[in-house]
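>>> Next comes the sequence, and after it the predicted model I'd like to discuss.
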Amino acid sequence: MWTMASAAVAAALLLVGCGNGPGQQAARSHVPEVAVVTIESRPIELTTELPGRTDAYLVSEIRPQVNGIIQKRMFKEGSDVNAGDLLYQIDSAPFQVAYNSAKASLGKAQANLPSIRSRAQRYKECLVDNAVSRQDYDDAAAAVQQAEAEIQYWKTAVEAARINLSYTRVTAPISGRIGRSSVTDGALVTAYQPTALATIQQLDPIYVDVSQSSAELLRLRRNLETGQLTADKGNEKKVRILLGNATSYSLEGTLQFRDVTVDPSTGSFTLRIVVPNPGHLLLPGMFVRAVVKEGIAEKAILVPQQGVSRTPKGEPVALIVDDTAKVRQRMLTLDRAVGDQWLVSSGLSAGERVIVEGGQKVRPGTSVKAIPFNSSGNKRAESKSTAMPAATSN
């Protein structure tokens, strides 16, 4: 019995001794692996997206300039028209009569002028011999002036009648696309009525009006003055347009001007962009976003977004691996998102290694093994496979 008990104790001691073998010691001495990205500074072009809406380049509301009845609408609603095209024909009969009457009165006045002028000339010659009184000559001279004034009056009346007659042809003042007509054939219209007969809009090019806060403008100017941004002189006015479905418009626009007045209710001002629109894809009133170029950051620091976390207070932090292979925490100041990366204003320097994978299992001060991060995951997968112990056969 004693021999069997001794053997059991010896076996237990042997198992305990085996538990403290090389395998357990290796497990305790295992250094965690983390995937890191080495920070590099490089020049990047900074842009900002601003919301806006499209607006027609030119807008013309068609209104009649004389009273009358619409005889014929001469265009197809929704079609393209050219400047000078006939849109509506107003009944011209009464205006033609007025023009003819004024023209006839002008002819009558012109016909009377020679005889009146001859009589005044004869009275002038007879006045020398006292054959006529001074009063008769004065009356004849006044009659000449009156006849000349009457001719000028009727010339003006003829021109006015001609203009009114021409107004019966309602033509397009600009080229563009015309909308629906508010009147039909036979409708009565009045001169300068408040309701437009139709509206023409020029769509190529087209305006894009976007809003930018005054605070953003001040920040941009400060960055340019301090040298954080460098103006791109060749392309600073080029603007990319994003449509409502987040697709990019094929043609770039040009920044035309910034408004000089800030809206006191919103604290923003308007930027107007001219965009080519040959296919009329952009229509007035569409919501778009404009990607406006701010400048070039010559030494930008970018870090993957997955390498940045937040403290309970919401402050951005990152874990780095120092030269001694230990983890350090850095507080960051972020400027904006650039794609899937953060633009860092302060907190990181070129050459530092930021942990982007494996940061959940380490703490500041922990010794780690840093491996380069591969976004495709190949390097990380290889590292995991080599870290696993090989199976052994008994």
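Nice, thanks for sending it over. Here the structure is a predicted model, which means the values were calculated and not measured.
>>> And the average pLDDT for the strand or helix carrying Ala104 is what?
Secondary-structure assignment from DSSP states H and E places Ala104 in helix 93-128. Averaged over helix 93-128, pLDDT sits at 90.
>>> in it, what counts as buried?
Across helix 93-128, burial judged by 16 or more other C-beta atoms under 10 Å covers 95, 98-99, 102-103, 105-106, 109, 113, 116, 119-120, 123, 127. Every C-beta, even on glycine, is put in place using the N, C-alpha and C of the backbone.
>>> can you put the residues you listed in a markdown table and add distance to Gln202?
Below are the buried residues of helix 93-128 laid out as a markdown table (distance: C-beta to C-beta, whole Å):
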| residue | distance to Gln202 |
| --- | --- |
| Phe95 | 30 |
| Ala98 | 35 |
| Tyr99 | 34 |
| Ala102 | 37 |
| Lys103 | 38 |
| Ser105 | 43 |
| Leu106 | 41 |
| Ala109 | 46 |
| Leu113 | 50 |
| Ile116 | 55 |
| Arg119 | 61 |
| Ala120 | 59 |
| Tyr123 | 65 |
| Leu127 | 68 |
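>>> List just the nearest of those to Ile174.
Taking C-beta to C-beta as the measure, Ile174 sits nearest to Phe95 out of the buried residues of helix 93-128, at 24.9 Å.
>>> how near is the residue lying closest to the closest one once chain neighbours are set aside to Ser268?
Spatial nearest neighbour of Phe95, excluding adjacent residues (C-beta to C-beta, 6 or more residues apart in numbering): Leu165 at 4.3 Å. Per C-beta to C-beta, to the nearest Å, Leu165 is found 50 Å from Ser268.
>>> try Gly295
20 Å.
>>> got it, and Arg258?
11 Å.
>>> ok, now Lys155?
Following C-beta to C-beta, the distance that separates Lys155 from Ser268 is 56 Å.
>>> my read: Ser367 touches Asp322, true?
No: applying C-beta atoms under 8 Å as the test, Ser367 and Asp322 come out as separate, 10.4 Å apart.
>>> so Ile70 sits in a strand?
Yes: assigned with DSSP: H, G, I helix; E, B strand; the rest coil, Ile70 falls within a strand.
>>> for the stretch 151-300 of the chain, which spans come out with low pLDDT?
Applying pLDDT under 70 to the stretch 151-300 of the chain flags residues 220, 223-236.
>>> all helices for it, in order.
Remark: helices assigned in the stretch 151-300 of the chain by DSSP state H, counting those that start in this stretch are 214-226.
>>> just the strands in the stretch 1-150 of the chain please.
33-38, 41-62, 68-73, 80-81, 86-90 (DSSP state E, counting those that start in this stretch).
>>> for those strands, which one sits closest to Leu243?
Taking the strands of the stretch 1-150 of the chain one by one with C-beta to C-beta, strand 41-62 is closest: 10.2 Å.
>>> can you tell me the average pLDDT over that closest one?
89.
>>> so what does that strand touch, helix or strand wise?
With contacts defined as 3 or more C-beta pairs under 8 Å, 6 or more residues apart in numbering; DSSP states H and E, the packing partners of strand 41-62 are strand 176-178, strand 198-213, strand 268-275, strand 287-304, strand 333-338.
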